[in-house]
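Asker: Need coordinates for the following:
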Amino acid sequence: MRVTVAILGVVLAAVVGRFFWDDLISGEDIPRGVLVEEISIGNTDRATAAARLDGQLALEGDLTLTFQGEESTQSYAEWGVTLDVDATIDQAASMRGSGVVRFFRWAAAVIRDRATDPVWTIDSDQLARHFDGQSISVVFEISPIELINGEFVPVETTSRPVLDLQTLENLLRDAIASGERNAEIEVPTSGVEEIAGDDALAVAANELTDQDITVLLAGTLRTQIIDRGDLRRWLEVPGATAADDFSFDPDEVQSTLSDVFPDVGLVGVEGVQFLVGFDGKPHLLGALEGSICCAEDTTDRLFAALGSNEPVTIFPLEAADARGLQWASTLGINELVSEFTTFYKPNQTRNINIARISEITRGVIIEPGETFSVNDYVGRRTTADGFVSAGVISNGVFSSSVGGGISQYATTVFNAAFFAGLDFGEYQSHSIYISRYPFGREATVSFPAPDLQIVNTTPYGVLLWPTTNDDSITVRLYSTAYVTAEQTAQTSRTEGAACTRVNTERTRTYVDDGRVEVDSVTARYRPEGINCAGGSTRPTTTTSTTTIPTTVP
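Answerer: Next up is the predicted model:
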């Protein structure tokens, strides 16, 4: 009996001693075992925790704001909903507790991880900017003058709604707190304001543009007269209260110049194009080279020419960042170095999205040392770009969103890159394992995060060539054989109360000298609707006035 008591005393002393050392003496700002979603920040200082969280979490889904039949759909991040890193860290740090509670929480964390929700906040300035000449805000912009039959005239007295930004923020907070991830909000207003015509402003606009401008392309003898009709069409007048507020619309200027100088072009043309032929090999079709018309300050030069009495305004040309046949031939894109295929059921809506993103990225060249980012290259998936609504995993449960299904594209690209021996930047597995994908060796994408980034660490260019048919997607990578890769091991372990962490080992053998390198990729899976700590991720309704804690997949 005494021996047992002694042993228990020794064990207890060891546990208490470890607690004093681990938590009270050497413990960091964040207590042990804390997860924010699937990101571990436990036992770190605030700076380290902030570095791990910054830019890694974003609310999935899209938010649509509507006003009198006009609508704009963007991601929550684009509307200004961002992770409040400091508040999230404060919330995590508070999990330490005090007194006896502190000891028991520490002891529980030794056994399993603890999850805390991210805290979201709204950037009021970013949200307001969407109602200042952008997005659906054109509805709110009414100018005191208008262009009729080539002349500026004052508008008749009219009214416009006044945006109630504070109420809009509150509605947005309510939508986020409710767990809704594809919300639609009617933009609230707080009455109307009268807009009266401005005779003096109309006179100023007419006088400013009451001339033609002759432009000359630098280094050429090519000239073109820009008449007052174009100048007045280019003039931006919404929101102007004086002549000093006028400017030219750069999009309108570029559109006209594109028609005036069609063989020069407004953007640099790289034009390198490969085609994979019936022989299964990549063939270089060619490249166009040229100059850019015109310099970035063209709009400013045009505006400065108004009233200057200069006979000619010179438009400088800039050399395009063009790369021709000689450059393309040095990339070493000569042979198939990797391919991977995944399958899906025919005639599903999601297949439309898989085919569309494959079409957009077919022919991408990843140069030596460069990183291909799916999100940077493709951007947000929208119906205007040919994507449709289909199934996604959101907040740890299955739902739907525009672009759903393209994670199958991401998984196929991921595996082609894996066996090509390429490196990865940002990547993330599905939170729920899906049987059509290789276990532990797959990736998901959403916008703006998570992203899939392929890093070309070879001395050769890599040509990305995804193709689809009725029941499958195949991704082929073309380059010069530099390294071979194979999966050589895989291990799994339980993480937290409910998650499974999978580590997949890859062995790469380099063709030139036979050297061998071993690395690995990871995946983390959890049951549907459950986080790693064993809690539910299904939406619950809460309220908030300044920040929004919620759960993101």
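
Asker: how about low-confidence regions in the stretch 401-550 of the chain?
Answerer: 539-550 (pLDDT under 70).

Asker: Phi first, then psi, for the spatially closest residue to residue 53 that is not a sequence neighbour.
Answerer: Once flanking residues are discounted, residue 53 sits nearest to residue 85: 5.3 Å by CB to CB, 6 or more residues apart in numbering. All C-beta spots, glycine's among them, are computed from the backbone N, C-alpha and C. With angles defined as degrees, to the nearest 10, residue 85 sits at phi -60, psi -50.

Asker: Would you agree residue 85 is in contact with residue 51?
Answerer: No: Residue 85 lies out of contact with residue 51 (CB atoms under 8 Å); the separation is 9.4 Å.

Asker: Show me which of those two is the more surrounded one.
Answerer: residue 85 (22 against 14; other CB atoms under 10 Å).

Asker: quick one: contacts for the more buried one?
Answerer: Applying CB atoms under 8 Å, 6 or more residues apart in numbering, one finds that residue 85 lies in contact with 50, 53-54.

Asker: pLDDT below threshold where in the stretch 51-200 of the chain?
Answerer: Ranges of the stretch 51-200 of the chain meeting pLDDT under 70: 68-69, 95-113, 131-142, 158-160, 195.

Asker: Okay, strands next: where are they in it?
Answerer: Secondary structure of the stretch 51-200 of the chain (DSSP state E, counting those that start in this stretch): strands at 62-67, 70-75, 81-83, 114-116, 119-122, 145-148, 151-154, 158-163, 184-186, 189-195.

Asker: helices or strands next to the fifth one in the packing?
Answerer: If contacts are counted by 3 or more CB pairs under 8 Å, 6 or more residues apart in numbering; DSSP states H and E, strand 119-122 sits against strand 81-83, helix 85-93, helix 165-177, strand 548-549.

Asker: Likewise for the last one?
Answerer: In terms of contacts (3+ CB pairs under 8 Å, 6+ apart), strand 189-195 is packed against strand 158-163.

Asker: The third one now?
Answerer: In this structure, strand 81-83 packs against strand 119-122, with contacts taken as 3+ CB pairs under 8 Å, 6+ apart.

Asker: Could I get the buried residue list for the strand it packs on?
Answerer: Under the neighbour-count criterion of 16 or more other CB atoms under 10 Å, strand 119-122 has 119-122 buried.

Asker: CA atoms only: put that strand into CSV for me.
Answerer: Extracted in CSV, the C-alpha atoms of strand 119-122 (Å, rounded to 0.1, in the frame of the first residue of the first chain):
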residue,chain,number,x,y,z
VAL,A,119,-12.8,36.0,-35.0
TRP,A,120,-13.9,38.0,-38.1
THR,A,121,-14.2,41.7,-38.5
ILE,A,122,-15.4,44.1,-41.2
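
Asker: quick one, phi/psi of the residue nearest the centre of the chain?
Answerer: The centroid of the chain falls nearest to residue 448 when counting by CA atoms, centre = their mean (2.7 Å). Taking degrees, to the nearest 10, you get phi -90, psi -10 for the backbone angles of residue 448.

Asker: ranges for the helices of the stretch 301-450 of the chain?
Answerer: 325-329, 349-361, 374-378, 407-419 (DSSP state H, counting those that start in this stretch).

Asker: Out of these, which gets nearest to residue 186?
Answerer: helix 349-361 (27.7 Å; CB to CB).

Asker: For residue 197, grab the count of nearby residues.
Answerer: Residue 197: 16 neighbours (other CB under 10 Å).

Asker: got it, and the one 4 residues further on?
Answerer: Residue 201 is flanked by 21 other residues according to other CB under 10 Å.

Asker: gap between the spatially closest residue to it that is not a sequence neighbour and residue 193?
Answerer: Leaving aside its chain neighbours, residue 201 sits nearest to residue 145 (5.2 Å; criterion: CB to CB, 6+ apart). Residue 145 sits 17 Å away from residue 193, going by CB to CB, to the nearest Å.

Asker: neighbour count winner among those two?
Answerer: Shown here are residue 145 and residue 193; by other CB under 10 Å, residue 145 has more neighbours (24 against 9).

Asker: beta partners for that one?
Answerer: When bridges are called by DSSP bridges, residue 145 pairs up with residue 154.

Asker: Over to residue 83?
Answerer: Under the criterion used (DSSP bridges), residue 83 bridges to residue 120.

Asker: Tell me the secondary structure at residue 486.
Answerer: strand (DSSP: H, G, I helix; E, B strand; the rest coil).

Asker: what do you get for residue 275?
Answerer: Secondary structure of residue 275, per three-state DSSP, is strand.

Asker: Surely it touches residue 282?
Answerer: Yes: with contacts counted by CB under 8 Å, residue 275 reaches residue 282, the gap being 7.3 Å.

Asker: rewinding a little: do you know which of the strands of the stretch 51-200 of the chain lies nearest residue 475?
Answerer: Nearest of the strands of the stretch 51-200 of the chain (CB to CB): strand 70-75, 25.7 Å.

Asker: mind listing what's buried in the closest one?
Answerer: Buried residues in strand 70-75 (16+ other CB under 10 Å): 72-75.

Asker: List of residues touching stretch 62-75?
Answerer: 58-59, 61, 76, 79, 81, 130, 135-136, 138-139, 161, 168, 172, 175, 182-187, 380, 382, 401-402, 447-448.

Asker: Would you mind writing the PyMOL command to select the buried ones in those residues?
Answerer: In PyMOL syntax, the buried subset of the contacts of stretch 62-75 is picked out as below (16+ other CB under 10 Å):
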select buried, resi 58+59+61+76+79+81+130+135+136+139+161+168+172+175+182+183+185+187+380+401+402+447+448
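
Asker: What separation is there between the residue nearest to residue 53 and residue 305?
Answerer: Taken as CB to CB, the span from residue 85 to residue 305 is 48 Å.

Asker: can you put the buried residues of strand 119-122 in JSON lines and add distance to residue 37?
Answerer: Converted to JSON lines, the buried residues of strand 119-122 look like this (distance: CB to CB, whole Å):
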{"residue": "119", "distance to residue 37": "12"}
{"residue": "120", "distance to residue 37": "12"}
{"residue": "121", "distance to residue 37": "17"}
{"residue": "122", "distance to residue 37": "20"}
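
Asker: Just name the closest of those to residue 348, please.
Answerer: Among the buried residues of strand 119-122, and counting by CB to CB, the member closest to residue 348 is residue 120, at 32.7 Å.

Asker: closest one to residue 250 among the helices of the stretch 301-450 of the chain?
Answerer: From the helices of the stretch 301-450 of the chain, taking CB to CB, the stretch that ends up closest is helix 374-378, at 22.8 Å.

Asker: With only the CA atoms kept, save the closest one in CSV.
Answerer: Taking C-alpha atoms only, helix 374-378 is exported to CSV below (Å, rounded to 0.1, in the frame of the first residue of the first chain):
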residue,chain,number,x,y,z
VAL,A,374,-4.5,28.4,-59.3
ASN,A,375,-6.2,31.4,-57.6
ASP,A,376,-3.9,34.0,-59.0
TYR,A,377,-4.2,32.7,-62.5
VAL,A,378,-7.9,31.8,-62.6
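
Asker: All good on my end, thank you.
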